[in-house]
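Student: Please work out how this folds:
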Amino acid sequence: MQKIVVFILFIAVSVALGALSGVSNLPGEWYQSLAKPFFNPPSAIFAPVWTVLYAMIGAALAATWYSRDNGRRLAIFVVQAVLNLAWSPVFFGLHSPILGLVVIVPLLVSIVIFIVASWTPCRVAALLFIPYAAWVAFATLLNLAIVALN
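Tutor: Alright, predicted model coming up:
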């Protein structure tokens with residue numbers, strides 16, 4: 001029972017932190033004025049996708065928390081979490097797609113490192129991060145395209 005409570009708590013905190021980051025750094029007029037690539041998804045897509053991803057990130061953290069020899073993987077998790085939470089304030093808050101790119105590239109690398117490091121000791125955590133990696137790879141491409149177009 002305690003394990004389930006921890007999973008729920010980690011998921012809830014992850015989703016809450018993601019939502020807080022999102023509402024604190026809304027795209028606004030500045031973002032709307034930027035030239036965007038043809039593959040830029042509608043704005044309405046981002047909140048639901050990130051909500052699901054943050055739930056999966058929280059579940060991956062809980063799975064990692066309960067797995068053996070987790071110190072290195074928890075450190076990698078913290079790195080990606082800090083980079084994840086830094087991207088919106090940098091890109092939207094500072095109005096800087098270039099600095100956003102400087103944050104998102106290492107974010108993507110840290111996510112891939114977490115997947116690789118978790119693959120054998122905690123496959124569930126690794127699998128939970130694969131959609132996150134795919135979305136951040138797409139977001140990196142989108143960020144790069146915005147830099148190139150502006």
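Student: what about A145, is that helix, strand or coil?
Tutor: helix (DSSP: H, G, I helix; E, B strand; the rest coil).
Student: where does the closest residue to it other than its chain neighbours fall, helix, sheet strand or coil?
Tutor: Of all residues not flanking A145 in the chain, P37 sits nearest, at 3.9 Å (CB to CB, 6 or more residues apart in numbering). To be clear about C-beta, it is placed using only N, CA and C from the backbone, and glycine gets the same treatment. P37 falls in the coil class when you classify it by three-state DSSP.
Student: quick one: contacts for P37?
Tutor: If a contact means CB atoms under 8 Å, 6 or more residues apart in numbering, then P37 has L142, A145, I146, L149 as its contacts.
Student: cutoff 7 Å now
Tutor: L142, A145, L149 (CB atoms under 7 Å, 6 or more residues apart in numbering).
Student: cool, and P27?
Tutor: By CB under 7 Å, 6+ apart, the contact set of P27 is F92.
Student: Give me the distance between it and P97.
Tutor: 12 Å (CB to CB, to the nearest Å).
Student: And for P41?
Tutor: 16 Å.
Student: mind listing the helices for the protein?
Tutor: Per DSSP state H, the chain carries helices over the ranges 2-24, 28-33, 43-65, 71-88, 97-118, 123-149.
Student: Show the secondary-structure elements that the third one is packed against.
Tutor: What it means is helix 43-65. With contacts defined as 3 or more CB pairs under 7 Å, 6 or more residues apart in numbering; DSSP states H and E, the packing partners of helix 43-65 are helix 2-24, helix 71-88, helix 123-149.
Student: May I see the buried residues of that helix?
Tutor: By 16 or more other CB atoms under 10 Å, the buried positions in helix 43-65 come out as 50, 53-65.
Student: Check the fourth one too.
Tutor: Going by neighbour count (16+ other CB under 10 Å), the buried part of helix 71-88 is R73, I76, F77, V79, Q80, A81, L83, N84, L85, A86, W87, S88.
Student: Now do that helix: everything it contacts.
Tutor: For helix 71-88, with CB under 7 Å, 6+ apart as the criterion, the contacting residues are 17, 21-22, 25, 61, 64, 100, 103-104, 106-107, 110-111, 113-114, 117-118.
Student: repeat that for 8 Å
Tutor: 17-18, 21-22, 24-25, 57, 60-61, 64-65, 67, 100, 103-104, 106-107, 110-111, 113-114, 117-118, 121-122, 125.
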